[in-house]
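Got a predicted model here, sequence first, then my questions.
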There are 2 protein chains.
Amino acid sequence: MHLNEIDLVGFFAAVLTTIAFIPQLIKTWRSKSAKDVSYIMFALFISGVSLWCVYGWEIHSIPVVIANIITFILASLILILKYIYEKQEV
Amino acid sequence: MHLNEIDLVGFFAAVLTTIAFIPQLIKTWRSKSAKDVSYIMFALFISGVSLWCVYGWEIHSIPVVIANIITFILASLILILKYIYEKQEV
């Protein structure tokens, strides 16, 4: 593949793994439940995504930084909703 | 940061976003339920991770390929378990 094609694959990969959290957020919001969603998964994922932001910043890759900031926000919102809904259940 | 430190941040970022799926897999396996987990999230995520593998291969980055193959396997297992458990419920 040429470099531009490779970049395009990387771009679509980033878009897919970023927007993936939108349907989970919508589902959690609608069902008012995230019982089956693992706290540890999202905690680890958010930590990893934070490090990806630092990494992107250090290698001067704006796409890596932006994609991971969006993922950070979406994943954090899911975690916050899970916390709120589980607190309401008690 | 020096290059080695930057690489280390990238390495830990990759480890965290990869192993994040292990607690979700264990939780799903134990509870025999993934009702609140979004099919679309995992479908999009697995598609994105597949593209990351292609991207990693093309830029000759073995860490990117390996991290994404592991994530692909873990996320696929969660999706398969969700499918099996929901089929059993019907």
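Cool, got the structure.

now whichever strand or helix holds residue A:87: how far from the chain's centre is it?
Secondary structure from DSSP states H and E places residue A:87 in helix A:62-89. Centre-to-centre, helix A:62-89 and its host chain are 7 Å apart (C-alpha atoms, centre = their mean, to the nearest Å).

ok, now stretch A:74-90?
Using C-alpha atoms, centre = their mean, the offset of stretch A:74-90 from its chain centre is 15 Å.

right, is that stretch up against chain B?
No: judged by C-beta under 8 Å from any C-beta of the partner chain, stretch A:74-90 and chain B are separated, with a smallest distance of 8.6 Å. Just so you know, the C-beta spots here come from the backbone N, C-alpha and C atoms, and that holds for glycine as well.

just stretch A:20-32 next, same as before
Yes: legend: contact between stretch A:20-32 and chain B by C-beta under 8 Å from any C-beta is shown at A:20, A:21, A:22, A:23, A:24, A:26, A:27, A:28, A:31.

Then stretch A:54-63?
Yes: Stretch A:54-63 lies within reach of chain B by C-beta under 8 Å from any C-beta, at A:54, A:55, A:58, A:59.

For the helix holding residue A:87, which helices and strands make contact with it?
Under the contact criterion of 3 or more C-beta pairs under 8 Å, 6 or more residues apart in numbering or on different chains; DSSP states H and E, helix A:62-89 touches helix A:3-19, helix A:21-31, helix A:39-58.

State the mean pLDDT of it.
Averaging pLDDT along helix A:62-89 gives 93.

what angle do that helix and helix A:21-31 make?
Per axes from the mean of the first three to the mean of the last three C-alpha atoms, to 10 degrees, the angle that helix A:62-89 makes with helix A:21-31 is 20 degrees.

List the buried residues for helix A:62-89?
A:64-65, A:67-72, A:74-75, A:78-79, A:81-82, A:85 (16 or more other C-beta atoms under 10 Å in any protein chain shown).

What of stretch A:16-28?
Within stretch A:16-28, the residues scored as buried using 16+ other C-beta under 10 Å are A:16, A:17, A:18, A:19, A:20, A:21, A:22, A:23, A:24, A:25, A:27, A:28.

with those residues in mind, which one is nearest to residue B:89?
Proximity of the buried residues of stretch A:16-28 to residue B:89 (C-beta to C-beta) peaks at residue A:27, which lies at 17.2 Å.
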